[in-house]
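**Student:** Got a predicted structure plus its sequence, pasted below:
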Amino acid sequence: MEGGRIEDEDGDVLSSVSSATPSYRNLHCYSEKLGLHEAEQLHSAVRRFSLDEDSSTTRVPKVFDRFYESSSDDEFYSSGTGGVDNGVVQSAGKRLDYMIQFLDRKLSSPNNNDPNDSEHRSLPEFVASGGGTGIFKLPVRAAVHPDRPPSLELRPHPLRETQIGCFTRTLASTDSQLWAGSECGVRFWNLSDVYAPGEMALSGDEEAAPFHESVPTSPTLCLIADAGSRVVWSGHKDGKIRSWKMDQSLDGNPFKECLSWQAHRGPVLSVVMTSYGDLWSGSECGVIKIWPWEAIEKSLSLTMEERHMATLLVERSYIDLRSQVNVNGLCNIFTSDVKYMSSDYSGAKVWSAGYLSFALWDARTRELLKVFNIDGQVENMSLLQDTTMEDEVKGKFYSGSKKEKAQSSFSFFQRSRNAILGAADAVRRVAVKGACGDDNRRTESLIITIDGMIWTGCTNGLLVQWDGNGNRLQEYQYHSFAVQCFCTFGSRIWIGYASGTIQVLDIEGNLLGEWVAHNSPVIDMVVGAGYIFTLANHGGIRGWIVTSPGSLDSILCSELAGKEFVYTRTESLKILAGTWNVGQGRASHDSLISWLGSAAADVGIVVVGLQEVEMGAGFLAMSAAKETVGLEGSSVGQWWLDMIGKTLDEGSTFERVGSRQLAGLLIAVWVRNNIRRHVGDVDVAAVPCGFGRAIGNKGAVGLRMRVHGRIMCFVNCHFAAHLEAVSRRNADFDHVYRTMIFSRPYNLFNAAAAGVSSAVQMLRGTNAMGIHSAEGMPELSEADMIIFLGDFNYRLDGISYDEARDFVSQRTFDWLKERDQLRAEMKAGNVFQGMREAVIRFPPTYKFEKHQSGLAGYDSGEKKRVPAWCDRILYRDSRSTSGSTCSLDCPVVSSISQYEACMDVTDSDHKPVRCIFSVEIARVDESVRRQEFGEIMVSNEKILCILEELCKVPETVVSTNNIILQNLDTSILRITNKCGKVKALFEIICEGQSTIKEDGQASDHHPRGSFGFPRWLEVNPAAGIIKQDHIMEILVHHEEFHTQEEFVDGVPQNWWCEDDRDKEVILVVKVRGSCTTKTRSHRIRVRHSFSAKTMRMDHKPNSRIEANVLHRSDFQRLSSSSDVVDHLRNLHSP
């Protein structure tokens, strides 16, 4: 038969990336850096126009015509009612504000320090040597990250505190939507809105692309999209399966599920749709249930008023595979939780997996084919079936009294034998696990590629390749962290790791590229609209172009970097840091007011570090013991927190966001309520430096948090005492800096633990925020700003007590500072490398007699300790030089406006010290940047040319349009790749089945779930790769499957016969290149005839052909699977 040429399909996903018009006005901005003269001219014009000014008296200057050029009014996006969308106006206003900020920074002198401007006056600073290299190297920051491809921020990193109880845990996608399951429901994005400005009022989603959210549900653990039924299936912690319509009628309220039922007693850990349209679900203890498509279809067809009936119908229709296995005489050795399931569409199989074992099933017959462990060793297959009963078991499907036969066939001794041998095998596996350390090799993810190979990822980062029959082929090791997820697209495999790293491999296992995609584990990824969307453990979602790494990346990076000033927002705030060695005492309210209350009036963040809150050998020993079991704090520490909170008007003005105590060390942070929503991801740490680096009498406690998207760390230290212990103090700092590891506060750890893989749970214990430093780099190195405060215990060298008293009384501190050990060590680069400290203008803060005011209170006892500046506050921001200004390359720039000791406080032998920082923070407005990203994708000529080239589909020919089968017939379908340069990838789906009436007309067309095949049809392989100038032969086979068994509550009830009317299905062969989502489709009609009579194939009289041949049908351009379904609903056969 003459071959047919494949036609283009309108449903081009990748090209939609370049052709979709973003939903905002086309804003053309300068991509080059403005010179100073240009900036001054533009600044004068900009200042005459501001959205904050009265629009009636202000007119837009013509200079902005350069920013608002548009080739067509059609590019102006409106809300559909004739007016401009409010989000567009807000977005334009943001851009103007950011450009004004940029010009202000450009025109202002970096060293502007007007002596008459007390509000902005900063103190001179001393900068330590040794910064900028080794572990003290500044973290790389830029408008576009230089070490990874550019990404689309669909949902920017939400602060952890906004996600408690609603963390996003899983993704699913279709051609037009991206769905996400969370701990409180599901949500979806229309992919046509990926470039749209953020408009969500939900905390944590202010800058996310517009999405729609469901009503609250139990935590969602798994999610799959069913394009055939136009629903999304979700499995939940409460054991329910829910379905959600893709085509929601949205009215602004949370949408509801269209069907739900109680699927399992325990949580639904995994769900999958097979190549025959059945829904399989896995739960704890190896429980796998099948929900036949016939029951699901009936339930979905019922109205909302009949929902209860629909729920009951599908809930009772399940097939319990584990009970089927036992009834058939199979030893139940697959008892681990079914964490992962995947459908081998090509080979019509289903893979189910626990951490250490796999099971392979036939998707059509639902039979267990193989059980094997992570080494590929079959788990006692001889036990799976008693050979003496083989014929009887096989005959189960063809006997009218099979239930009784199966129950009577197996004697008590046979069942006992199987149980004993199964238990022995389980003991063997446990022994092997203990000996070989299988915990490091357990399976964390599973994927099936288009060539029919299966890839699994392990906790130790190992990648294992299997063939479709469960034979272990090869293993690869490219990373040492746990594999968390896979995604396959074309001939590429994307891998997400617990370190936040993404790797891209080809299907031969060659590494094509890798980069750090998130600062948190990558827990899921899917493909849609030309992007690979990755979900991080913190809930952020990024989209990566499917061709990355590739030629598009450098162009897009350059364009985005050139528009930095359009989406850069600068925030200003003040931070009050205070340190005090309280000497095991308690402060009066007046002392706290003098130290903190009087200075906190206009600050946004208050950081307090206390030393010697509580000491004593017994307390230190108890504290060390509590630390070993994860407990910290004391009643005295809580008293200090309460008193300081009262001083700061906690609750009304400030909120305490975190604290950490290690023995006598205590750090706590309060944030003003009006900026609280911009502060979060609070983590804490403690490093003991006392005896054996185990006791907390000396050491440090730290607190890390994200402020306006930037990482700030505060570290409260208490180092070794005594004049001569300089090197020990230096060593204490080095130990703290190198080993401080942050973790989540205990209460937040418990609140957010649901639905996360084991590898991520283990990772949280060491790095909760997920800031994974470069190899060998301390976590503190990744901070944008660090403030060290505390009793560093550095003394004055070469001076007597009396001399020091004299200099202090005369307030001549310069000579004393020359004797300062800390200043000398910093200058030599031995400690606090690269840190800054304001010039000291206050007397030494140690040592005083308690409750003696004034400078006369210095130690006059027997020891007469020399006064010293033991209590200090130092910092490091993002500046590499003192002249650096705040930008995305240097995102945090600070200065000190106040650095002083509270000499009137007499409650301790140390004086409290405070420091006020004026901080500028540059951050990305992700909503605006996302729009710029979209504008570049649709307007840049180079990108458009590359996308057009990538969208080319290999020239391919399909041998026929029509096939007719009778009982057990087999027909061969040939697909020829006529392109001599690239491989062709194909996939065959079933758009639906129709019944042929007596007059030869097709009617009652309906698709199966996930475009699955009817049970009488086998297509093998249904997906694969065709090499250049090669032919792929596809077997289209009719299976003898005229009877079905109906199940109720997992028990077979009766046998019934399918109707013997002729059937017809529409197969669609989708062909694409190895690196694009552009497809061409070919439709093939396959008719199943029960009789050998001559078929009438058209309406012309006397028009007859042979029963095994049909006329070729015309080709038709298909835009998407759903469009095909809609078109075929009224389709008739020739």
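**Tutor:** That came through, no problem. Numbering: from 1, shown residues only.
**Student:** just the strands in the stretch 601-750 of the chain please.
**Tutor:** Listed from the start of the chain, the stretch 601-750 of the chain has strands (DSSP state E, counting those that start in this stretch) covering 605-611, 654-662, 665-672, 679-688, 699-707, 710-718.
**Student:** Compute the first-to-last residue distance for stretch 505-519.
**Tutor:** Separation of the first and last residues of stretch 505-519 by C-alpha to C-alpha, to the nearest Å is 21 Å.
**Student:** Now Pro1007: closest residue in space, sequence neighbours ignored.
**Tutor:** Residue nearest to Pro1007 in three dimensions, not counting chain neighbours: Gly992, with 3.8 Å by C-beta to C-beta, 6 or more residues apart in numbering. Any C-beta I mention is one placed from the backbone N, CA and C, and that applies to glycine too.
**Student:** SS state for that neighbour?
**Tutor:** Three states are possible here, and by DSSP: H, G, I helix; E, B strand; the rest coil the one that applies to Gly992 is strand.
**Student:** thinking it is in contact with Asp1004, fair?
**Tutor:** No: judged on C-beta atoms under 8 Å, Gly992 makes no contact with Asp1004 at a distance of 9.7 Å.
**Student:** Tell me the bridge partners for the closest residue to Lys1063 other than its chain neighbours.
**Tutor:** On the basis of C-beta to C-beta, 6+ apart, the spatially nearest residue to Lys1063 that is not a chain neighbour turns out to be His1088, at 4.5 Å. In this entry, His1088 is beta-bridged to Leu965, Lys1063, by DSSP bridges.
**Student:** Turn the strands of the stretch 601-750 of the chain into CSV, columns for distance to Trp639 and mean pLDDT.
**Tutor:** What follows is the strands of the stretch 601-750 of the chain, written out as CSV (distance: least, C-beta to C-beta, whole Å; pLDDT from 0 to 100):
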stretch, distance to Trp639, mean pLDDT
strand 605-611, 11, 98
strand 654-662, 12, 96
strand 665-672, 11, 97
strand 679-688, 19, 96
strand 699-707, 17, 97
strand 710-718, 17, 98
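**Student:** Can I get the ones you listed in JSON lines including mean neighbour count and distance to Thr459?
**Tutor:** Supplementary listing: these in JSON lines, determined by neighbours: other C-beta atoms under 10 Å; distance: least, C-beta to C-beta, whole Å:
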{"stretch": "strand 605-611", "mean neighbour count": "28", "distance to Thr459": "38"}
{"stretch": "strand 654-662", "mean neighbour count": "23", "distance to Thr459": "30"}
{"stretch": "strand 665-672", "mean neighbour count": "26", "distance to Thr459": "34"}
{"stretch": "strand 679-688", "mean neighbour count": "24", "distance to Thr459": "23"}
{"stretch": "strand 699-707", "mean neighbour count": "26", "distance to Thr459": "26"}
{"stretch": "strand 710-718", "mean neighbour count": "26", "distance to Thr459": "28"}
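**Student:** what are the ranges of the strands in the stretch 451-600 of the chain?
**Tutor:** Counting by DSSP E, counting those that start in this stretch, the stretch 451-600 of the chain forms strands over residues 454-458, 462-466, 472-477, 483-489, 492-497, 501-506, 511-516, 522-528, 531-536, 541-545, 568-581, given from the N-terminal end onward.
**Student:** Kindly state which of those strands is positioned closest to Lys864.
**Tutor:** Each of those has some distance to Lys864 by C-beta to C-beta; the shortest is strand 568-581, at 18.9 Å.
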